[in-house]
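Student: Whatever this is, show me its structure:
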Amino acid sequence: MARNGIMQKLENIKPEQVFEAGKATFNELGMEIYKMRPFAFLVQARITGDEGLINANIIASPFSNELNLTVKSDTASQETVDATAQKIFSSLEKHLYN
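Tutor: Below is the predicted model:
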């Protein structure tokens, strides 16, 4: 299983903002959002590409002031998962800081 995780500390950003930015990011990238937990600031999405299904989730912790992005796939290569994670993270940052 290919997997990539990115963690970032939140400074002057609330978990609610991460939740909304996560929804906007997944929609912008054409990913299907299949689970949202507003009380946990969690958004999960998936997309099927040439190498199969890729799952991603974004969660923000109000207790540790950080966000976590996890991207994984049983069929896609590590390179594809890494590229997808970077694409998601770049879009997420755009939505958070612009």
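Student: any idea how far Asn57 is from the residue lying farthest from the centre of the chain?
Tutor: What lies farthest from the middle of the chain is Asp50; by C-alpha atoms, centre = their mean that is 19.8 Å. Using C-beta to C-beta, to the nearest Å, Asp50 is found at 22 Å from Asn57. All C-beta spots, glycine's among them, are computed from the backbone N, C-alpha and C.
Student: which residue is nearest the centroid of the chain?
Tutor: Ile58 (3.8 Å).
Student: Would you confirm that that residue belongs to a strand?
Tutor: Yes: counting by DSSP: H, G, I helix; E, B strand; the rest coil, Ile58 is part of a strand.
Student: That one and Val18 touch, don't they?
Tutor: Yes: in terms of C-beta atoms under 8 Å, Ile58 counts as a neighbour of Val18; the distance is 6.7 Å.
Student: Mind listing what's buried along the longest helix along the chain?
Tutor: If each helix of the chain is counted by residues according to DSSP state H, the longest one is helix 78-97. By 16 or more other C-beta atoms under 10 Å, the buried positions in helix 78-97 come out as 80-81, 84-85, 88-89, 91-92, 95-96.
Student: from the residues you listed, which is closest to Arg37?
Tutor: Leu92 (17.1 Å; C-beta to C-beta).
Student: Provide the contact partners of stretch 84-98 at residue level.
Tutor: 4-6, 13, 17-18, 20-22, 24-26, 28-29, 47, 54, 56, 58, 67, 69, 71, 76 (C-beta atoms under 8 Å, 6 or more residues apart in numbering).
Student: what's the burial count for Asn27?
Tutor: Neighbour count for Asn27, taken as other C-beta atoms under 10 Å: 13.
Student: The one 4 residues further on too?
Tutor: Per other C-beta under 10 Å, the neighbour tally for Met31 reads 20.
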